[in-house]
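Colleague: next input, structure requested:
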Amino acid sequence: MARIRRTAVMAAGSLVLMAGASGCSDIRNEIDAARGEGEGRPTAAASEPSAALPAEPPPGLPASPEPWAATGPGRCLASGVAFSHGEVNAAMGIRAVSIGLRNCGTKPYRVNGYPEIGVLDDDREPVGLKLIHGNESTGAADDQGPRELTLAPGESVESVLQWNNRITESGAHATGSYVVVATAPGEERDTLPLPVDIGTDGELHVTAWADGQGRDPS
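Modeller: Below you'll find the model as predicted:
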């Protein structure tokens, strides 16, 4: 049976899809924590991105790493997971990147469905865009749809993000510098430095968590 294409519209000022109004406060707290405002989290480490770029690199090194290079696993969150992203494939203006989720804890960890994804600009403000779930294929990876997966400690799954950076109209368009990711809505989030240069259509395609087989975005 063909999957139904489901489009979720992120209104301006919203960070990600939310099941109810209570999620809005949580997400605003997450943004405030990342910017050093509001109550945020009790520790300083939790208010910073998992892999902030150095302001002044050692002599002889470039000013910053390649912006779309793959990252290693980020910090291990209290929930027992760590996020990372692969190298961005930018061929023909269609961007694709895998978001990795690793069980860095000591107990089995279950995932089911789509990650919660948000995009922030340079000022850590939400970027308005449309999240699209349920496509049979993003062109970069098949969307296998929601299914329960149990990760033993050290095991990983991934989701693929894809967007089109083509500009077909004049005016402002969505440009992000960070991706906020959680295993599912309401779960603990982390922030990954990742340029997201979405074009005029403002669409970000997201596949469900899967074991990675047949899902190479390159």
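Colleague: am I right that residue 71 is in contact with residue 82?
Modeller: No: the pair residue 71 and residue 82 fails to qualify as a contact (Cβ atoms under 8 Å) at a distance of 10.5 Å. (Glycine included, C-beta is placed from N, CA and C.)
Colleague: comparing the two, which residue is more hemmed in?
Modeller: Neighbours were tallied for residue 71 and for residue 82 using other Cβ atoms under 10 Å; the higher tally belongs to residue 82 (20 against 17).
Colleague: my reading is that the more buried one lies in a strand. Confirm?
Modeller: Yes: Residue 82 forms part of a strand when assessed by DSSP: H, G, I helix; E, B strand; the rest coil.
Colleague: what does the model give it for pLDDT?
Modeller: Looking at residue 82, its pLDDT stands at 97.
Colleague: name whatever forms a beta bridge with it.
Modeller: Under DSSP bridges, the beta-bridge partners of residue 82 are residue 102.
Colleague: isn't it right up against residue 102?
Modeller: Yes: between residue 82 and residue 102 there is a contact under Cβ under 8 Å: 4.9 Å.
Colleague: what is in contact with the two at once?
Modeller: Counting by Cβ atoms under 8 Å, 6 or more residues apart in numbering, the shared contacts of residue 82 and residue 102 are residue 73.
Colleague: which parts of this protein are strands?
Modeller: 6-9, 81-85, 94-103, 109-112, 116-120, 130-133, 148-151, 156-164, 176-182, 189-196, 203-206 (DSSP state E).
Colleague: would you turn those strands into TSV with distance to residue 142?
Modeller: Output for those, formatted as TSV (distance: least, Cβ to Cβ, whole Å):
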stretch	distance to residue 142
strand 6-9	16
strand 81-85	19
strand 94-103	12
strand 109-112	17
strand 116-120	18
strand 130-133	13
strand 148-151	15
strand 156-164	9
strand 176-182	20
strand 189-196	22
strand 203-206	12
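Colleague: buried residues in stretch 107-123?
Modeller: For stretch 107-123, the neighbour count (16 or more other Cβ atoms under 10 Å) marks 109, 111, 113-120 as buried.
Colleague: looking at those residues, spot the one nearest residue 164.
Modeller: residue 119 (14.5 Å; Cβ to Cβ).
Colleague: so what's the closest one scoring on pLDDT?
Modeller: 95.
Colleague: low-confidence ranges in this structure?
Modeller: Residues of the chain meeting the criterion pLDDT under 70: 1-68, 92, 136-141, 171-174, 212-218.
Colleague: at 90 what do you get?
Modeller: Low-confidence segments of the chain (pLDDT under 90): 1-74, 88-95, 128-129, 134-144, 164-175, 198-202, 212-218.
Colleague: and the gap between residue 95 and residue 176?
Modeller: Separation of residue 95 from residue 176 (Cβ to Cβ, to the nearest Å): 11 Å.
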